[in-house]
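Asks: give the three-dimensional model of this entry:
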Amino acid sequence: MRFSETGVMGARVIDPTPHADERGRFMRARCAREFGEQGITFTPVQANMGLSVHKGTTRGMHFQNAPALEAKLVRCTRGAMFDVVLDLRPDSPSYRRWHGVELSAENGRMLFVPEGCAHGYQTLEDSTEMHYMASEYYTPGAASGVRFNDPAFGIQWPITVTLVSEQDRNWPLVAK
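Replies: Below is the predicted model of the structure:
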């Protein structure tokens with residue numbers, strides 16, 4: 001795997017190094033040793049999948065508060081999506097910065113989202129499916145979010161937003 005830095009402290013874009021032949025391809029989805037060599041401590045305890053039927057569906061920006069902080073390793077298993085990590089750690093040098101990257105079934109790319117960061121995505125194709133592993137169990141009382149279009153962050157979604165949940169539309173705006 002090839003790990004690339006982003007503008008968000010601790011977040012990484014991870015490109016697979018697949019083995020391909022006439023049968024297709026094979027690639028690693030996670031390797032504790034390779035992650036450790038990059039300074040990433042990540043032990044998944046839960047895996048989740050999501051399917052978005054319509055192109056332009058936007059989900060997020062979600063995170064969990066302490067004591068249930070979670071890191072995520074996100075990948076797209078069908079279709080394509082624009083995946084975003086947003087730094088919400090007040091003591092971080094990249095506080096309030098975001099980074100977006102296209103994940104697709106074809107490119108096999110992943111995004112590592114550190115604890116204390118929000119995560120969201122927008123589908124770039126109909127019937128896009130995503131899979132992510134989380135370092136903490138879903139904890140309803142710790143679940144939170146910020147608005148996907150909050151001007152305090154200026155996230156630039158690549159296409160028109162077509163569908164957003166009521167919850168994601170109504171997270172409170174953050175003061176600039």
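Asks: where's N65 relative to Q38, distance?
Replies: Distance of N65 to Q38, computed by C-beta to C-beta, to the nearest Å: 26 Å. C-beta coordinates here come from the backbone N, C-alpha and C atoms, glycine included.
Asks: and L124, what does it touch?
Replies: With contact taken as C-beta atoms under 8 Å, 6 or more residues apart in numbering, L124 is in contact with K55, G79, A80, M81, F82, E102, S104, P158, I159.
Asks: please apply the same query to I159.
Replies: K55, G56, F82, Q122, L124.
Asks: by neighbours, which of the residues you listed wins?
Replies: Q122 (28 neighbours; other C-beta atoms under 10 Å).
Asks: show the secondary-structure elements that the one helix or strand that one maps to is packed against.
Replies: In the assignment (DSSP states H and E), Q122 maps to strand 117-123. Other helices and strands packing on strand 117-123, by 3 or more C-beta pairs under 8 Å, 6 or more residues apart in numbering; DSSP states H and E, are strand 58-64, strand 72-78, strand 80-87.
Asks: helices of the protein, start to end?
Replies: 32-37, 166-169 (DSSP state H).
Asks: what mean pLDDT does the shortest one have?
Replies: In other words, helix 166-169. For helix 166-169, the mean pLDDT works out to 96.
Asks: what do you get for the longest one?
Replies: Averaged across helix 32-37, pLDDT comes to 94.
Asks: keeping just the C-alphas, turn that helix into PDB.
Replies: In PDB, the C-alpha atoms belonging to helix 32-37 read as follows (Å, rounded to 0.1, in the frame of the first residue of the first chain):
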ATOM      1  CA  ALA A  32      -1.600  -3.700  10.900                       C
ATOM      2  CA  ARG A  33       2.200  -3.900  10.200                       C
ATOM      3  CA  GLU A  34       2.000  -1.400   7.200                       C
ATOM      4  CA  PHE A  35      -0.300   0.900   9.100                       C
ATOM      5  CA  GLY A  36       2.100   0.800  12.100                       C
ATOM      6  CA  GLU A  37       5.000   1.600   9.900                       C
END
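Asks: residues in contact with that helix: which ones?
Replies: When contacts are defined by C-beta under 8 Å, 6+ apart, helix 32-37 is touched by residues M1, F3, R28, T41, F42, T43.
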